[in-house]
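1. Need a 3D model of the sequence below.
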Amino acid sequence: MRHRLSRLPFSYVLASLLLLALVLWLALGDFESFNSQAPEREDAPDTPTRVETRQLESVAYTPVETLQGQLEANRDVALRARVEGIVEDKPVRQGQRVKTGDTLLVLDNNALPQRLQEARDNVELARAELAGAQKLRQRDLMSKPELLRLEATLSQGVAEVARLEKQRDDTRPQAPFDGLLERVSVDPGELVQPGEQWGRLIDDATLKGIGQVPQQDVASLEEGLDVTARLLNGDKLHGTLTHIASRADDATRSFYIEVTLDNPDHRRLAGSSAELSIELPSRRVHELSPALLRLDDSGELGVRHVDRHDRVQQTAVDLISADTDTAHVAGLPDPVRLITLGAGLVEPGEKVESVPAEEMSDDTEAAPATGSSR
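-> Modelled structure (predicted):
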């Protein structure tokens, strides 16, 4: 047997010895040194995310509320007959300008001057009789009821004179204000009845612009604000906001407004449409790209920026106006360091590495670190 072992190759002997040593190590080794959990890994310290920032200061901004409106004459009066009569004359031609007090139409007065003179004479007679009666009453030569009767007669005479004078005036209607006699629809010889419309007088020295303002915008309006009306041909008229309705329209939930516009050249604009631009009170705002606006979890509009400790802040803002290029917002600190690149990769409260836009590298390796603000 010993002879056979001596004849085995040396490699077999070495392999057998190694196998035996492994079995002994497994049998006698320290099993408690094997833990069920992996050893803790030593992580490298966090590196703040790099973001591009730009310092921005507020500017003065005058918001404008723009709406579609319609122009009307400041005063537009339908002229109606107050008494029955036949047209005798038209002192003013249709389309002619008139002054306050000018006679616009002459109606047949049916001998009214004579009746008016008679009534005035009766008043003078009643006054004379009353004066004599008062003297007699002082001497107890006239009863008090008779004196009262004479006083009543005088009062009736005065009332009759006033009635006839008004009737006379009604047969000679006059212009109630300076304006344009827009239309005369009767001719001499025609009979007009009380209440019948025979003409129209308009005041076009000033125009009235009317429109509807959405309910979400009416709170910023106040009477006295400057208004510009842009006509269809591009011309402009200037005026003032003069009236804001206190109640919204039931159908549209918008508020009726009126503006007064100067029309010194008496241009024929009444009834036409115009774009009304109301200049709201000036305020301080920040101008920025609309792409920097964000919605938080509650749906509130905000902008992300960094504070003096380079921590991300998201501040709620009021959107004053916006177009495809520029948004005007209020509510940000002044000045403010906006995050212009990388806002989508960071969260409020997170500390970041703020790099001014003018120093930010434009190479392709920096792009994944900065991200995008959109």
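2. A330 touches T315, doesn't it?
-> No: in this structure A330 lies outside contact range of T315 using C-beta atoms under 8 Å: 10.7 Å. Where you see a C-beta, it was placed from the backbone N, CA and C, and this is true even at glycine.
3. how is this protein carved up into domains?
-> 50-61+284-370, 66-73+204-282, 111-169 (automatic domain parsing).
4. tell me how far the shortest one is from the chain's mean position?
-> What separates the centre of domain 111-169 from the centre of its chain is 62 Å, taken as C-alpha atoms, centre = their mean, to the nearest Å.
5. do the same with the first one
-> Averaged C-alpha coordinates place domain 50-61+284-370 at 29 Å from its chain's average position (C-alpha atoms, centre = their mean).
6. Show me what counts as buried in the strand or helix carrying L180.
-> Using DSSP states H and E, L180 sits in strand 179-184. For strand 179-184, a neighbour-count test (16 or more other C-beta atoms under 10 Å) marks G179, L180, L181, E182, V184 as buried.
7. again, but for stretch 88-106
-> Buried residues in stretch 88-106 (16+ other C-beta under 10 Å): K90, V92, V98, L104, L105, V106.
8. same check, this time on stretch 232-247
-> Buried, per 16+ other C-beta under 10 Å, within stretch 232-247: L237, G239, L241, T242.
9. what's the spacing between the third one and D249?
-> Taken as C-beta to C-beta, to the nearest Å, the spacing of L241 relative to D249 amounts to 18 Å.
10. Quick check: the gap between V51 and E57.
-> Taken as C-beta to C-beta, the span from V51 to E57 is 20 Å.
11. Helix or strand, whichever it is, which one in this structure has the lowest mean pLDDT?
-> Of all helical and strand segments in the chain, the minimum by mean pLDDT, DSSP states H and E falls on helix 367-370, at a mean of 42.
12. returning to what we had before: now do the strand holding L180, average pLDDT.
-> Averaged across strand 179-184, pLDDT comes to 92.
13. by contact count, what packs against that strand?
-> strand 97-98, strand 197-214 (3 or more C-beta pairs under 8 Å, 6 or more residues apart in numbering; DSSP states H and E).
14. hang on, the earlier thing: let's have the buried residues of strand 179-184 in TSV, adding distance to L293.
-> Compiled in TSV, these are given as follows (distance: C-beta to C-beta, whole Å):
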residue	distance to L293
G179	52
L180	52
L181	57
E182	52
V184	61
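15. circling back: which among the buried residues of stretch 232-247 gets closest to H286?
-> Proximity of the buried residues of stretch 232-247 to H286 (C-beta to C-beta) peaks at L241, which lies at 27.3 Å.
16. Apart from its chain neighbours, what residue comes closest to that closest one?
-> L225 (4.5 Å; C-beta to C-beta, 6 or more residues apart in numbering).
17. Find me the pLDDT at that neighbour, would you?
-> At L225, pLDDT is 95.
18. Touching, it and I278? I think so.
-> Yes: L225 is within contact range of I278, at 5.5 Å (criterion: C-beta under 8 Å).
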